[in-house]
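Engineer: return a 3D structure for these sequence lines:
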Amino acid sequence: MKPQERLEAVFAFEEPDRVPICEKLRNEAVIGHYAGEPFVPERGMELTLTACQAILDCTMKLDYPQPESIETSDDGIVWHRDRWTTWIERRPFSNVSELSAWAQRDIDRLNAFTPDASWWAPRLAERERYQAQLGETAYLFKDAQVGLTETYFRAGLELFAYLMTDDPPLISRWLEAAFQASLRILAALDLNRIPCRIAHIGEDIGTSTSTLFSPDFLRAEFFPRLQTLVAAYHDLGFKVIYHSDGNLNRIMDELVATGIDGLDPIEVLAGMDLADLKEKYGKQLVLMGGMDASKLLPRGTADEVRAATLAALKAAAPGSGYILRSTTEISNAVPMENVLAMWETMLEHGRYPLRLN
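Structural biologist: Got it, this is the predicted structure:
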C-alpha cells in the first residue's frame, strides 16, 4: 500500500498492510542514512525530505538546520534560531502591566489579519515543493491551530498565568482573536492544493503529572474552540490528530468529545498508557506515538528499544488504529542504532495480520 492509503485505512480502523510510521526527523546521522549520502547542513532540507520519503508514511513541521541568527519580529519579540531549534531570547515586556498593553496590541493585530490568496500563495508553494520531494509520504497540515499554546508561549507562561488571574476577560479576548484568525485561515484555504487531508493540531496543555491549566479553564477557554476548529476541519474533509505532551488522563473524555480523530504523542513517562487508551477509546481514536524519546530512545539499548516497540505494537496495533511515533522527535541525541531498531522491528512485526507472540 502507499502511505496515504495506509493512513486512510488506519483512520477507518481497517487493517492496512502494516502499521504506519510518522516522525519529526531531526537526527543528522539518520537523515544521512536514509537519504543515502552524508548529511551536510547546506542541503539539510533536501536531505531531510529525501530521508522522510524513504522511511516515513507521514511527517509534520519540517525543519532544516538553520544558521545561527537573532531576529526581532514586528511585535518586538527577539528570536534566537540555531540548527534545529528556535527560542525566544527576549520579550518586549517584563511585568503584567506591560504584557497587558502588548496583548491588546496583539489582539488588534490578530483582528486585522486577513489571510487572503496573497498570504496563502508562498505557503502553499512551499508545501507543494516539500510534498513533491516527499513523494507519497504525507505532509500533515498544521496551518490552523486553536491559539492557546502560541499565546502563552509568546507571553511566557509565568506572566500569562498572572494575567489569567488579574484580567481573565483580556485573556479570553486574546484567545478568541487568535482562534478567529485560524478560522479565517481555513476559510481561505485552496483545498485543491492539499492532497493529504490530515490536520495536526498542536496545543500543549499537559505537564509530567497533570494538565498545565485547570479543567475549568480548559472547559471555558479551550475545549469549545477546539471542538469548533475540529468541526471546521471535518467540514473540509480532514481527519484531525490532536497533539499535546504530558499527562492528559484527567481530561481525556472531554478531549475525545471535541471530535478529534487521533491523539499524539502518548507520552508514556508522563503516565499515558497505550493499552489503557486502546481499551477505553478503541474505535474512536487513532493513537500515534508511545515510543519514549526522553530516556528510552536516547539512552536505552537497541534490545530495549526492540522490546518497547513490540510492546507498543501489542498494546495499540491490533485491529488497526495505531501509528508508530516517538513521544517528541528523533533528535541528534538518539543513537542511530536505536532508530533502526525501532523502525526495523516495526517493519518486521507490524504487518497485518499481526503475529506478535
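
Engineer: can you show me the helices along the stretch 51-200 of the chain?
Structural biologist: Remark: helices assigned in the stretch 51-200 of the chain by DSSP state H, counting those that start in this stretch are 96-112, 117-134, 148-155, 157-166, 168-187.

Engineer: again with the stretch 201-350 of the chain
Structural biologist: Under DSSP H, counting those that start in this stretch, the stretch 201-350 of the chain gives helices at 215-221, 223-235, 252-257, 274-281, 296-299, 302-316, 336-349.

Engineer: restrict the fourth one to CA atoms and write it as CSV.
Structural biologist: Going back to what we said before, that points to helix 274-281. C-alpha atoms of helix 274-281 as CSV (Å, rounded to 0.1, in the frame of the first residue of the first chain):
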residue,chain,number,x,y,z
LEU,A,274,-1.2,2.9,25.1
ALA,A,275,-3.0,-0.2,26.3
ASP,A,276,-5.4,1.7,28.6
LEU,A,277,-6.2,4.3,25.8
LYS,A,278,-6.8,1.4,23.3
GLU,A,279,-9.2,-0.3,25.7
LYS,A,280,-11.1,2.9,26.5
TYR,A,281,-11.3,4.6,23.1
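
Engineer: quick one: list the elements packing against it.
Structural biologist: Helices and strands touching helix 274-281, by 3 or more C-beta pairs under 8 Å, 6 or more residues apart in numbering; DSSP states H and E, are helix 252-257, strand 286-288, helix 302-316. All C-beta spots, glycine's among them, are computed from the backbone N, C-alpha and C.

Engineer: which residues touch the closest residue to Ser172 other than its chain neighbours?
Structural biologist: Spatial nearest neighbour of Ser172, chain neighbours left out: Glu221 (6.1 Å); criterion: C-beta to C-beta, 6 or more residues apart in numbering. Residues in contact with Glu221, defined by C-beta atoms under 8 Å, 6 or more residues apart in numbering, are 148, 171-172, 175.

Engineer: comparing the helices and strands packed on helix 274-281, which comes out most buried?
Structural biologist: Each of these was given a mean neighbour count from mean count of other C-beta atoms under 10 Å, and the largest, a mean of 25, is that of strand 286-288.

Engineer: and the pLDDT at the residue of the chain most remote from its centre?
Structural biologist: In the chain, Ser97 marks the outermost C-alpha relative to the chain mean, sitting 32.5 Å out by C-alpha atoms, centre = their mean. On the pLDDT scale, Ser97 is placed at 98.

Engineer: the nearest residue to Tyr152 once chain neighbours are set aside: neighbouring residues, count only.
Structural biologist: Closest residue to Tyr152 apart from its sequence neighbours, by C-beta to C-beta, 6+ apart: Phe160 at 4.2 Å. Look at Phe160: counted by other C-beta atoms under 10 Å, it has 20 neighbours.

Engineer: so who does Phe160 touch?
Structural biologist: By C-beta under 8 Å, 6+ apart, the neighbours of Phe160 are 99, 151-152, 171.

Engineer: quick check, nearest of those to Leu269?
Structural biologist: Of all the contacts of Phe160, Leu269 sits closest to Tyr152, with 22.7 Å by C-beta to C-beta.

Engineer: that closest one and His80, how far apart?
Structural biologist: The gap separating Tyr152 from His80 is 19 Å, by C-beta to C-beta, to the nearest Å.

Engineer: cool, and Ala121?
Structural biologist: Ala121 is 29 Å from His80, by C-beta to C-beta.

Engineer: hang on, the earlier thing: which of the helices and strands packed on helix 274-281 sits closest to Pro3?
Structural biologist: strand 286-288 (14.0 Å).

Engineer: packing partners for the closest one?
Structural biologist: Contact analysis of strand 286-288 by 3+ C-beta pairs under 8 Å, 6+ apart lists strand 239-243, strand 262-264, helix 274-281, strand 322-323 as its packing neighbours.

Engineer: now those in a markdown table, with distance to Gln133 and mean neighbour count?
Structural biologist: Shown next, in a markdown table, are the helices and strands packed on strand 286-288 (distance: least, C-beta to C-beta, whole Å; neighbours: other C-beta atoms under 10 Å):
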| stretch | distance to Gln133 | mean neighbour count |
| --- | --- | --- |
| strand 239-243 | 22 | 24 |
| strand 262-264 | 24 | 25 |
| helix 274-281 | 32 | 16 |
| strand 322-323 | 22 | 25 |
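
Engineer: redo those as CSV? Include distance to Pro38 and mean pLDDT.
Structural biologist: Below are the helices and strands packed on strand 286-288 laid out as CSV (distance: least, C-beta to C-beta, whole Å; pLDDT from 0 to 100):
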stretch, distance to Pro38, mean pLDDT
strand 239-243, 32, 98
strand 262-264, 31, 98
helix 274-281, 36, 98
strand 322-323, 30, 98
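
Engineer: with distance to Phe39 added, can I get these in TSV?
Structural biologist: Formatted as TSV, those follow (distance: least, C-beta to C-beta, whole Å):
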stretch	distance to Phe39
strand 239-243	26
strand 262-264	26
helix 274-281	32
strand 322-323	26
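
Engineer: so for Tyr152 and His80, which residue has more residues nearby?
Structural biologist: Tyr152 (24 against 14).

Engineer: tell me the buried residues in stretch 80-90?
Structural biologist: Buried positions in stretch 80-90, judged by neighbour count with 16 or more other C-beta atoms under 10 Å: 83-84.

Engineer: all set, thanks.
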